[in-house]
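Enquirer: quick one, fold the following:
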Amino acid sequence: MPKNFKSNLQNRAVGRALALWRKESGFSLAEVGERVHWSPAKTSMMQNALVPIVDVDVVALALVYGVSDERRTPVLLGAQRARDPLRFDLLSGDASSCVGWTYAEVEAEASYVQAVALDMLPPIVRTPEYEAALRGVQVGAVSEQGHRHYGDAHRARVMRHLSEGPSLRLDLVVGEAVLRRPVGGALVMADQLLRLAAFAELPGVRVWLVPDELGAFAGMTSFTLLSFREDEFEDVVYLDTLHGGTWLEAQRERRPYAETFERLVTEALPADDTIGRLIEAAQSLKDAADQLS
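Expert: Residues are numbered from 1 along each chain as shown. As a prediction, this is how the structure comes out:
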């Protein structure tokens, strides 16, 4: 393993593709090693993106697994791009030809998630009604981007890890403005806040509410900072944008988000007070709905 090697997101996307190919083939690590004439450990490290993945090795594995040229090409280009993404993008003008990754795939590898929700709640805690209401007001071009939406299987896996621990921890900072925005109506929002309060009680979860009196701060935005157990994986920051998810990997880009998260936690209400405020807000919404009925 190269000294001080750090696996970027592109290299990790290639590793996931290689792992999927082997799973589809049904070959064991030993069987693959016999066919490509290298150790099972090398295949395992490539699948887990713990080493740089070179394009010739991608070709060798594609031949062993019987992968079509159509599926092989984006993984091959991804391996080339992973070595120097900036140079690859400059020369090719387009990284969309490379194998990509989703938020769910990266989150599935994380051991610690720090999220700031100033405008809407993150997908992991959304009720189906809250989610449907958000989708209902999105324009088609935004909905097509699939902003951090993931399936029930991934949601269930994350919830299991947060409930059983200690494989995953999630710290969530919520802006008080979120509580006043009745997405889907008062009753939908009340149920959503009650779910958030219950979510905050999970062993692997902490939720803080940032009161309005804190005021505005420079660069107010929602974001997620993900950390990993592997020394080869650096922290990454995820931002939702209109054109799709934006990932920040460079330390100088991540630093303002990490420091902002720490500052918000310092200024936010204590966890116990936050849960109480969520329940009070939910009850107020229910009471208001009852008065109108």
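
Enquirer: per-residue pLDDT, the closest residue to Pro85 other than its chain neighbours?
Expert: The shortest distance from Pro85 to any non-neighbouring residue, by CB to CB, 6 or more residues apart in numbering, is to Gln10 (5.9 Å). Backbone N, C-alpha and C define where each C-beta goes, glycine included. Per-residue pLDDT puts Gln10 at 96.

Enquirer: how many neighbouring residues does Gln10 have?
Expert: 27 (other CB atoms under 10 Å).

Enquirer: how close does it get to Leu269?
Expert: For Gln10, the distance to Leu269 equals 39 Å [CB to CB, to the nearest Å].

Enquirer: what ranges does the stretch 1-150 of the chain have for its strands?
Expert: 112-117 (DSSP state E, counting those that start in this stretch).

Enquirer: and the helices in it?
Expert: Counting by DSSP state H, counting those that start in this stretch, the stretch 1-150 of the chain has these helices, from start to end: 9-25, 29-36, 40-47, 55-65, 69-83, 85-92, 103-107, 128-137, 140-143.

Enquirer: any chance of those helices in a markdown table, plus distance to Ala156?
Expert: As requested, the helices of the stretch 1-150 of the chain are exported to a markdown table (distance: least, CB to CB, whole Å):
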| stretch | distance to Ala156 |
| --- | --- |
| helix 9-25 | 20 |
| helix 29-36 | 28 |
| helix 40-47 | 24 |
| helix 55-65 | 29 |
| helix 69-83 | 28 |
| helix 85-92 | 33 |
| helix 103-107 | 12 |
| helix 128-137 | 14 |
| helix 140-143 | 23 |
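
Enquirer: lowest-confidence helix or strand of the protein?
Expert: helix 140-143 (a mean of 46; mean pLDDT, DSSP states H and E).

Enquirer: what's downstream of that one, the next helix or strand?
Expert: Later in the chain than helix 140-143, the nearest helix or strand by DSSP states H and E is helix 152-164.

Enquirer: name the helices or strands packed onto that following helix?
Expert: Judged by 3 or more CB pairs under 8 Å, 6 or more residues apart in numbering; DSSP states H and E, helix 152-164 is in contact with helix 103-107.

Enquirer: extract the C-alpha trace of the helix it packs on and format it as CSV.
Expert: The C-alpha coordinates for helix 103-107 follow below in CSV (Å, rounded to 0.1, in the frame of the first residue of the first chain):
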residue,chain,number,x,y,z
TYR,A,103,-24.8,10.3,-1.6
ALA,A,104,-26.2,7.0,-0.3
GLU,A,105,-23.1,5.0,-1.4
VAL,A,106,-20.7,7.5,0.4
GLU,A,107,-22.9,7.7,3.5
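
Enquirer: pLDDT averaged over the lengthiest helix in the chain - what is it?
Expert: Counting by DSSP state H, the longest helix found in the chain is helix 271-292. Helix 271-292 carries an average pLDDT of 88.

Enquirer: and it, what's buried?
Expert: Ala271, Thr274, Ile275, Arg277, Leu278, Ile279, Ala281, Ala282, Leu285, Lys286, Ala289 (16 or more other CB atoms under 10 Å).

Enquirer: residue contacts, the last one?
Expert: Read that as Ala289. Shown in contact with Ala289 (CB atoms under 8 Å, 6 or more residues apart in numbering): Gly185, Ala186, Leu187, Ala190.

Enquirer: ok, and what's touching the helix or strand harbouring the third one?
Expert: Following DSSP H and E, the helix or strand that holds Leu187 is helix 186-199. Under the contact criterion CB under 8 Å, 6+ apart, helix 186-199 has outside partners 121, 125-127, 129-130, 133, 174, 179, 181-184, 205, 207, 275, 278-279, 281-283, 285-286, 288-289, 292.

Enquirer: distance from the chain centre to that helix, please.
Expert: Distance of helix 186-199 from the chain centroid (CA atoms, centre = their mean, to the nearest Å) equals 22 Å.

Enquirer: buried residues in the following helix or strand past that helix, which are they?
Expert: Going down the chain from helix 186-199, the next helix or strand is strand 205-210, by DSSP H and E. Neighbour-count burial for strand 205-210 flags Val205, Val207, Trp208, Leu209, Val210 (criterion: 16+ other CB under 10 Å).
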